[in-house]
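the sequence and its predicted three-dimensional model are supplied below.
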Amino acid sequence: TYDTPDSLFPNNWISFHKNNKIALYPMFAKNRRLERSENILKFLESNNVKIKSIFDYTIAEKNKQYLEGTGSMVLDRINKKVYSSISERTSEILIDEFSLFGNVLIALILLFNFSPIWNTSNQLKDKTTEAIILALMSASGFMLMVDSESFMMLFIGLEIGSISLYALAGINRGDLLSNEAALKYFLLGSLASCVLVYGVALVYISLSISGFYDTAIAIPYIGAGNVPLTTFIGFLFIIVGLLFKVAAAPFQSWAPDVYQGSPTGYVGYMASVAKVASFLVIARLCIVSLRAVMENFELFFLAVIIISIFVGSFFATVQSDMKRLIAYSGVIQSGFILSGIVSGVNGTSASLFYITAYTIQLIGIFTIFTIISGKLSSDFSIENLSGLFVENKFLTICFSIFMLGLAGIPLTSGFISKFILITNLWSYE
């Protein structure tokens, strides 16, 4: 039951939808409460809503009326207005296009990285079992993250996945760079998690909203003009916490050090699985929730996109370590992906294709790094590529294709994904 003071939302009413039922909370001034309540009852009856129960009581200055119905016509109207597509959900876990796509892609990431993860774990000898378990736990955590309708379940999934990656980054205790990468990843990642969960708390305290679709259903009925400032701040903190996970500027400072210091055999998996899950959550947040909360939320993302592309391009040109260069390339790719996500449904579809192509390129590049420099190595200098064509022509050709794809050169998947994305952005109004 939600308990909201009358003074917070005068002359409005709130609706929460769960399990094919509607809970209506009229928040009216006392002199007009009966009149408006009768209008709501007439509206419900005209749409074949069966009133199961009515509670009307006054406690001090709070007046709340609770109606619970099962009217299919009203639910259909709400669904058509709020949901971009049909989804099946419970109070905590949902199955929609984002969750299905995310589960399949995370499973494929785990499958494609199975050989590097297995071979690298075998080199750890006494820590082989721990490394494999950490990889599987992180995959399960990020799957839970993309399946979560509740913000708190999202946070739990994010923490399960992130803590496993922190441990993977520093599992090679004999390497100082690996220890440094794990420490930086843990400290900055914990800070981002604190920001995210604080945003969840602000949203819940201000509106008693705890999920994506709860937000999409509740906000239109109370009116965007009546949303408290703490709700906007809460959603801003949630977005900032997720932007850290995708290494978008100015929240990308951890990525180069973590990529460089972590065992090369794990970096492809670490980089791709966290980004996929976080991008899908951001996409669901933009499509389902943010458009109901604020009209011009794209302006914040526009600043992040521009900064990401410029910062990533500038710092990538001065790197001598290939793993750091790929990290800054990821900052640029994050800017491109975000540009599609905030531009509507068509742009989001283009971004999902972009994520898939980028993930394949990322996994391929780090698999080649693993073959060249060793599975537990940390740094990977550009000089390590010297003479590669003479030693192994197949690896050289594969590496060239993956790098050209990151650059978006024609006839590569990177070019196709960028072309589709920019075409959708050009047509976006």
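Good, I have the coordinates. Remember, it's a predicted structure, so these values are computed and weren't measured experimentally.

which residues of the stretch 1-150 of the chain score low on pLDDT?
By pLDDT under 70, the weakly predicted segments of the stretch 1-150 of the chain are 1-91.

ditto for the stretch 151-300 of the chain
Judged by pLDDT under 70, the stretches of the stretch 151-300 of the chain that qualify are 224.

now do the helices in it.
In the stretch 151-300 of the chain, the segments counted as helices under DSSP state H, counting those that start in this stretch are 151-169, 176-207, 212-222, 229-245, 254-261, 264-284, 291-293, 298-316.

what angle separates the longest one from helix 229-245?
Angle between the axes of helix 176-207 and helix 229-245 is 160 degrees (criterion: axes from the mean of the first three to the mean of the last three Cα atoms, to 10 degrees).

packing partners of helix 176-207?
Here helix 176-207 touches helix 151-169, helix 212-222, helix 229-245, helix 254-261, going by 3 or more Cβ pairs under 8 Å, 6 or more residues apart in numbering; DSSP states H and E. For every residue, glycine as well, the C-beta is placed using N, CA and C.

in the first one, which of the residues would be classed as buried?
Neighbour-count burial for helix 151-169, counted by 16 or more other Cβ atoms under 10 Å, picks out 151, 153-169.

same question, the second one
Along helix 212-222, the positions that meet the burial threshold by neighbour count (16+ other Cβ under 10 Å) are 212-219, 221-222.

let me know which of the helices and strands packed on helix 176-207 is the nearest to Lys393.
Smallest distance to Lys393 across the helices and strands packed on helix 176-207 (Cβ to Cβ): 26.9 Å, for helix 254-261.

quick check: angle from the closest one to helix 264-284?
Using the same axes, to 10 degrees: helix 254-261 against helix 264-284 is 160 degrees.

other residues contacting helix 254-261?
For helix 254-261, the external contacting residues (Cβ atoms under 8 Å, 6 or more residues apart in numbering) are 169, 175, 177-182, 184-185, 188-189, 244, 247, 267, 270-271, 315, 319, 321, 323-324, 326-328, 330-331, 378-380.

buried set for whatever helix or strand Thr120 lives in?
Assigned by DSSP states H and E, Thr120 belongs to helix 114-123. Judged by neighbour count using 16+ other Cβ under 10 Å, the buried positions of helix 114-123 are 116-117, 120-121.

distance to Leu352 added to the residues you listed, as TSV?
As requested, the buried residues of helix 114-123 are exported to TSV (distance: Cβ to Cβ, whole Å):
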residue	distance to Leu352
Pro116	25
Ile117	25
Thr120	29
Ser121	31
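
between those residues, which is nearest Ile416?
Of all the buried residues of helix 114-123, Pro116 has the smallest distance to Ile416: 26.1 Å, by Cβ to Cβ.

which stretches of the stretch 301-429 of the chain have low pLDDT?
375-378, 429.

let's see that with 90 instead.
Low-confidence segments of the stretch 301-429 of the chain, defined by pLDDT under 90: 317-323, 342-349, 368-393, 407-408, 411-414, 422-429.
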